[in-house]
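# have a look; sequence and predicted model below, questions after that.
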Amino acid sequence: MAVTFHKMHGLGNDFMLLDVREQAFTINTQLARQLADRHTGIGCDQILVLRKPTSEKQDACFEVWNSDGSRAEQCGNGMRCIGLYLHMHSVTPSDRFLLGGPAGTVEIEYLGNDQVRVNMGRPVFEHDRIPVSAEPVKGWYRLDIDGQTFSLGAASMGNPHALLIVNDIGTTDVARLGAAISSHSVFPQGCNAGFAQIQNRGNIRLRVFERGAAETLACGSGACAAVSILRNANLVDQIVNVTQTGGDLILEWPGGNHPVIMTGPATHVFKGKLT
């Protein structure tokens, strides 16, 4: 049976979305790699798979597959794309959606004009829950890479993130350092490696090397993690504009046990069929 797919992106972080709530569909590492290949497949950073909800309160459950065939626990830009997709195909007047995912329930609200707000949940800083196999010193971790020592923050947004503050994000070797941090032994499950340049307390620039996908044009969960780490260190305010290569996101986090709220655009590009 043919399966309809939708090509979508959030600030250039692009996805194949497969809504298989009403049909059987099996995906594995090999198929994910084939579909995500930009030369011989559809091409994307990640694949989003919508399945039937496991609770009456949910609108759907979702899976996230990276372009290398590995699984991801969370994807902020993908959540906004799912929010737009559900708005486009909703049979109810509500533009609020609850999704069940690998990291728990995600709340999404379509705001209009392709803007989507996502409740990304509370950031986790406990080192054994991120996880990081090291103890932080005043909230920061020391990593040795190629003879240099770096001080990084770390947090989980349902998936593990590390953050390095840099003076000039344009000249930072994100490919080399990102790969080294993402696969460093101190992160037993790997991590997404973020690089932040603080412009002022309300604005940062960010690049993210994603575990399983390399550097992407934007990373929603990476933006949430970056702001929560910087906010926890009192380096930014409650509301922060995060500028990435693909565009801007607005992040809000008061701190403590409050959830991180992310607002930004999602775009539907085209649809097709897999046969």
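In hand now; what should we look at?
# mind giving me the domain split of this structure?
For the chain, automatic domain parsing gives the domain ranges 3-118+265-274, 141-258.
# quote the end-to-end distance of the first one.
In other words, domain 3-118+265-274. End-to-end distance of domain 3-118+265-274 (C-alpha to C-alpha, to the nearest Å): 5 Å.
# please name the residues that touch Lys52.
By C-beta atoms under 8 Å, 6 or more residues apart in numbering, the contact list for Lys52 reads 21, 60-61. Backbone N, C-alpha and C define where each C-beta goes, glycine included.
# redo these as a markdown table? Include distance to Cys219, secondary structure and neighbour count.
Compiled in a markdown table, the contacts of Lys52 are given as follows (distance: C-beta to C-beta, whole Å; DSSP: H, G, I helix; E, B strand; the rest coil; neighbours: other C-beta atoms under 10 Å):
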| residue | distance to Cys219 | secondary structure | neighbour count |
| --- | --- | --- | --- |
| Arg21 | 27 | coil | 14 |
| Ala60 | 22 | strand | 20 |
| Cys61 | 22 | strand | 18 |
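# which single one of the residues you listed is nearest to Asp248?
Nearest to Asp248 out of those is Ala60 (C-beta to C-beta; 27.5 Å).
# and the residue nearest to Ala233 when sequence neighbours are not counted, how far from Asn232?
In space, Ala233 comes closest to Gly139 once its chain neighbours are excluded; the distance is 6.2 Å by C-beta to C-beta, 6 or more residues apart in numbering. From Gly139 over to Asn232 the distance is 7 Å, taken as C-beta to C-beta, to the nearest Å.
# quick one: the helices in the stretch 101-250 of the chain?
For the stretch 101-250 of the chain, the helices defined by DSSP state H, counting those that start in this stretch cover 174-182, 220-232.
# which strands and helices lie in contact with the last one?
Where contact means 3 or more C-beta pairs under 8 Å, 6 or more residues apart in numbering; DSSP states H and E, helix 220-232 is packed against helix 76-89, strand 148-156, strand 160-165, strand 192-200, strand 203-210, strand 239-244, strand 247-252, strand 261-265.
# ok, then the element right after the last one?
In other words, strand 261-265. Counting by DSSP states H and E, the next helix or strand C-terminal to strand 261-265 is strand 267-274.
# between helix 76-89 and that next one, find me the angle.
Angle of strand 267-274 versus helix 76-89, following axes from the mean of the first three to the mean of the last three C-alpha atoms, to 10 degrees, is 80 degrees.
# how many residues are close by Gly153?
24 (other C-beta atoms under 10 Å).
# identify the residues contacting it.
Shown in contact with Gly153 (C-beta under 8 Å, 6+ apart): 139-141, 162-163, 165, 229-230, 232-233.
# and those, which of them are buried?
Among the contacts of Gly153, those buried by neighbour count (16 or more other C-beta atoms under 10 Å) are 140-141, 162-163, 165, 229-230, 232.
# out of the residues you listed, who's nearest His9?
Leu163 (23.6 Å).
# circling back to that earlier point, measure the residue nearest to Ala233 to Phe125 for me?
Taken as C-beta to C-beta, the span from Gly139 to Phe125 is 8 Å.
# overlap in contacts, these two.
By C-beta under 8 Å, 6+ apart, the residues touching both Gly139 and Phe125 are Asn232.
# great, nothing more from me.
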